[in-house]
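> Below: sequence and its predicted model.
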Amino acid sequence: MKKYVLIVGVRLLSVCLGILLIQSCESSERVDFSTQIKPILNNKCITCHGGIKKNAGFSLLFEEEAFADTESGKPAIIRGDASGSELIRRIKENDLELRMPYEKPKLSDAEIELLTRWIDQGAEWGEHWAYSLPDKVEPPVFSQEASFTSISSKKFVQNSIDNFVAARLESEQLTPNAPAEKNTIARRVALDLTGLPPNSKIFNAFVSGDLSYENLIDSLLSDQSYGEKWASWWLDMARYSDTKGYEKDQGRSIYEYRDWVIKALNRDMPYDQFTVEQLAGDLLPEPSVDQLIATAFHRNTMNNDEGGTDDEEYRVASVIDRVNTTFEVWQSTTMGCVQCHSHPYDPFKHKEYYNLMAFFDNTRDEDMPSEAPVLKFYSPEQQQTVDRINAWVAQYGSKKTTKQYQDFLLYNEPVYNSHHLKDIQNGSYDDHASTVLWDEGTARFENVSSERATALYLKYNAGISGTTITFRKNSSQGEILGQTRINKTKGSIIRKIPFQKVDEKFDLYIETNNDGVAKEVNIINLYWVALLDELPGKEKYGYASINNSLLQVLNSHTPTVPIMIENPDHMKRTTQVFERGSWLTKTDTVLPNTPKTLNAWNDDWPKNRLGLSQWIVSKNNPLTARTLVNRVWHQIFGRGLVATIEDIGSQSEPPSHPALLDWMALRLMNEHNWSIKSLIKEIVMSGTYRQSSENNPELYQKDPNNELYARGPRIRLSAEQIRDQALAVSGLLSSKMYGHGVMPPQPEGIWQTVYSNAKWIESKGEDRYRRAVYTYMKRTSPYPSFMSFDGGSREVCSIRRTVTNTPLQALVTLNDPVYLEASHELAKAMQVSENPEENISLGYEKATYTKITPVKLEALRELYENSLEEFKNENTNEPFFHLEKKPSAELAALTIVANAIMNLDEFLTKA
């Protein structure tokens, strides 16, 4: 008996020890900083102890600050000693004046326990997942038969994306939907890849089984409409517009950039190259015209032509916008916060913002009305002359001179713009990029480096003749460096005069004289001065012809596009930190550099925009590939794997499928070689994408936002897609590509343009029916129907469009001339039979790619009959749908039905 009791006692003791051991293991489980501690600090502590405020000298934003001495003389966190740490004492304090967070609810017991364990475990400072390089990920492996009871499971897994999704569904005890019907998936994938419904030929081939799903995708990806659809997505981020913005909002000729984006996407330009050319195409060796056009990405910044504004203020505003946009577009980072202070939540320091700004601060653009620098597009005849001049300079001049003239003929840079003139006497700056000088007028450019130039080019406009303009060294008593007599001109011209060599920096002093006019009469408008080497080969036969041709070409008027050009070294700007973000309060000088949190800088990269772009697309950058994958996924599914697609920092939503995000990011870089088309194809080939979008109450309760992807995407179409689809199904859509923005019908009185006679002149012919991507975009007055369907003004970078549902949208599709005309054309195509039901069924199928249900057919037939009766009994001669010729009552009634079809949910939604 005693032996039995002893055995039972030993067993009980073993069980108790086991329980204690398990509890001990549980309590000693390592606390993860990123997922458990950082959210508490961000939500409860960092507003008072972070990038903006550092109350008591304590900050929790950076590791070195968190463990540094506070104003008390000792750290608030002592690693390994929670009981001795002031942070723990304060969060447990009962006195409301001493307890932290101050004047906020007390932390929960669970939060306090987590922080205590974290400190006792050594307070290991972790790194947010997005700032760590993705590790190699293997897709989950599982037995489908064991995992899914749904019959659809056998068809669900089509590629490795589905393994990740299926594993998550299995953990949530959910099964995927069955595949969507062929007609549904054909329309869905066509809208996603091209922004248009599929054409009847490939649709019928796919539905009948003559065309495989993969071949359907390949044909859509190879269609030119692919680039037009995906360009709309990119142009939102690039803040593309046909106008400059601000008060005047004058027109801007920058459509060449929009066309470059479409062509680059259609060519499937690798994303790393796509990035480098847009950020720094001008800095590539011997950049092509296309690479220069690409840099207009950052010339989409707004330009303020309003009188009285400070050009430097708005130049700086553009530079700041470029920093913020670059990090929003490529890094999913809200870098704009760091202009005024260190980031409140993410590990980016105030000074690092200005290190980044230094990359962008040295460009030639200066908020000029001319938008200089602009790339010139010569006619074939003009280009022959340009080639002849360049060949001459290359034959008789140095490499330096050859490069000078090649660049000057392309974009007239570098120059000294007249708004930099100082000490203007007997004259003034006129707010239109020129300085006006009178008789005995003087002004000077400070700290000019002529680089031993022997030719001065000046752009000016003269209203009278007989003026002598003199250029001196440093002052009115200085050496004359150049002088010429100018006469009345017709508009502005560029002229060349001989110039004396100067070895050192100097002030270029300018004086004007005209004894034949009264004082305070404008005798010259001076726009800019350029200093170049003299055209070589002066002693050679043909020099005079080349010289004349040069001036003729320089004064020719050509189409242009604003581009990015870097200052030469002798004109380089100095970048300084702005105290509290104010451009008027400058402190320390900084050099170009990147945030320490992200990937290290490669010393082989140049410290300019080209090097920055290489840093961004480096495979060691943890954010670029993840950002692109997340944004593309969002375009297709309506939500990102990280729902906050504009921000994947420490305040972002956690990824719904973190392993899938990293797997796709690595695959994009290493296997797809940055191919966007390959990324898109892989997504739409997945069983996850091909699922039916049908929902049910139980699934909606478990997953209302389709975060788990147990059903296919169901999304309201974008503003551009809705319009393009209406034109496509009606047969009106034009396939014409590229060129100036067009002006399709819009209501009267929308434009109220000041300072110019610009008007919305309705386009004629096929331009009236071109794709939405080509619609003229005015920032202060965007195309109304696009605004109703959540299009933006593109004044700043827009990462996502907020999808709304308002009555205004129905008013657009019911009344806008575009949709009325499309309805009429669709009705004409529907009118194939004497039987109204046949016609209605045909129209519904043409519009939605789905057979009509009896209930809907009955409702539309009733609408037809009521409309027909009304039109037959109508005795007025009022126009119908803005048409010149009134249609028959039958066609008019069918037009009403077609318009109703175009307002149905299944027409406006991708399902």
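Structure received. Residues are numbered from 1 along each chain as shown.

> from memory Lys106 sits against Leu96, does it?
No - Lys106 lies out of contact with Leu96 (C-beta atoms under 8 Å); the separation is 9.2 Å. Bear in mind the C-beta positions are built from the backbone N, C-alpha and C, glycine included.

> So the two - more neighbours on which side?
Lys106 (16 against 9; other C-beta atoms under 10 Å).

> That one: what's it in contact with?
Counting by C-beta atoms under 8 Å, 6 or more residues apart in numbering, Lys106 touches 91, 99.

> Next one: it from Leu98, what distance?
Here Lys106 is placed at a distance of 12 Å from Leu98 (C-beta to C-beta, to the nearest Å).

> what do those two both touch?
With C-beta under 8 Å, 6+ apart, Lys106 and Leu98 have no common neighbours.

> Tell me which stretches of the stretch 551-700 of the chain form strands.
All strands of the stretch 551-700 of the chain, identified by DSSP state E, counting those that start in this stretch, fall at 560-562, 575-578, 586-590.

> Could you list the residues in contact with the first one?
By that I understand strand 560-562. The contact list for strand 560-562, computed with C-beta under 8 Å, 6+ apart, reads 252-257, 293, 296, 299, 365, 371-377.

> most centrally placed residue in this structure?
Nearest to the geometric centre of the chain sits Met237, at 1.6 Å (C-alpha atoms, centre = their mean).

> Quick check on the residue lying closest to that one once chain neighbours are set aside: phi, psi?
Distances taken as C-beta to C-beta, 6 or more residues apart in numbering put Val329 closest to Met237, at 4.8 Å, once the chain neighbours are dropped. The phi/psi pair for Val329 (degrees, to the nearest 10) reads phi -70, psi -50.

> Next one: Val329 from Tyr257, what distance?
Using C-beta to C-beta, Val329 is found at 15 Å from Tyr257.

> Next: Asp223.
With distances taken as C-beta to C-beta, Asp223 is found 22 Å from Tyr257.

> These two - which one has more neighbours?
Under the criterion of other C-beta under 10 Å, the comparison of Asp223 against Tyr257 puts Tyr257 first, with 23 against 19.

> My guess is that one contacts Gln291. True?
No - assessed by C-beta under 8 Å, Tyr257 is found out of contact with Gln291, at 12.0 Å.

> Please identify every residue contacting each of those two.
With contacts taken as C-beta under 8 Å, 6+ apart, Tyr257 and Gln291 have no neighbour in common.

> low-confidence ranges in the protein?
Counting by pLDDT under 70, the chain shows low-confidence ranges at 1-28, 51, 142-154, 876-877.

> Show the contacting residues for Cys48.
Taking C-beta under 8 Å, 6+ apart as the test, what Cys48 contacts is 55, 101-102.

> so where does the closest residue to Gly336 other than its chain neighbours fall, helix or strand?
In this structure, Gly336 finds its nearest non-sequential neighbour in Asn324, 4.3 Å apart by C-beta to C-beta, 6+ apart. For Asn324, the host element (DSSP states H and E) is helix 311-331.

> Show me which residues of that helix are buried.
Buried residues in helix 311-331, counted by 16 or more other C-beta atoms under 10 Å: 311, 314-331.

> can you check stretch 861-873 too?
Across stretch 861-873, burial judged by 16+ other C-beta under 10 Å covers 861, 863-864, 867-868, 871.

> Filter those down to just the ones in strands.
Using DSSP state E, no member of the buried residues of stretch 861-873 sits in strands.

> Between which two of those residues is the distance greatest?
Within the buried residues of stretch 861-873, Arg861 and Phe871 form the most distant pair, 15.6 Å apart (C-beta to C-beta).

> For Ser318, give me its contacts.
301-303, 365, 367.

> pretty sure Gln477 is in a strand, no?
No - if the criterion is DSSP: H, G, I helix; E, B strand; the rest coil, then Gln477 is coil and not within a strand.

> any idea how far Tyr416 is from Val448?
From Val448 to Tyr416 the distance is 7 Å (C-beta to C-beta).

> Spit out the contact partners of the nearest residue to Tyr257 once chain neighbours are set aside.
The shortest distance from Tyr257 to any non-neighbouring residue, by C-beta to C-beta, 6+ apart, is to Ala296 (3.6 Å). Going by C-beta under 8 Å, 6+ apart, Ala296 touches 254, 256-257, 260, 561-564.

> Apply 6 Å and report the result again.
Ala296 sits next to 254, 257, 561-563 when contact means C-beta atoms under 6 Å, 6 or more residues apart in numbering.

> Phi and psi next, for Thr813.
phi -70, psi -20.

> Spit out the contact partners of it.
Going by C-beta under 6 Å, 6+ apart, Thr813 touches 819, 902-903.

> Could you tell me which of these are located in helices?
Per DSSP state H, helices hold the following members of the contacts of Thr813: Tyr819.

> Any buried residues in stretch 178-185, and which?
Residues of stretch 178-185 classed as buried by neighbour count (16+ other C-beta under 10 Å): 178-180, 182-185.

> What of stretch 540-552?
For stretch 540-552, by 16+ other C-beta under 10 Å, it's 546-547, 549-550.

> So which of the residues you listed is the closest to Pro344?
When the buried residues of stretch 540-552 are compared for distance to Pro344 (C-beta to C-beta), Leu550 wins out at 55.5 Å.

> where's the closest one relative to Val529, distance?
As for Leu550, its distance to Val529 is 17 Å (criterion: C-beta to C-beta).

> ok, now Arg770?
43 Å.

> cool, and Leu727?
From Leu727 to Val529 the distance is 51 Å (C-beta to C-beta).
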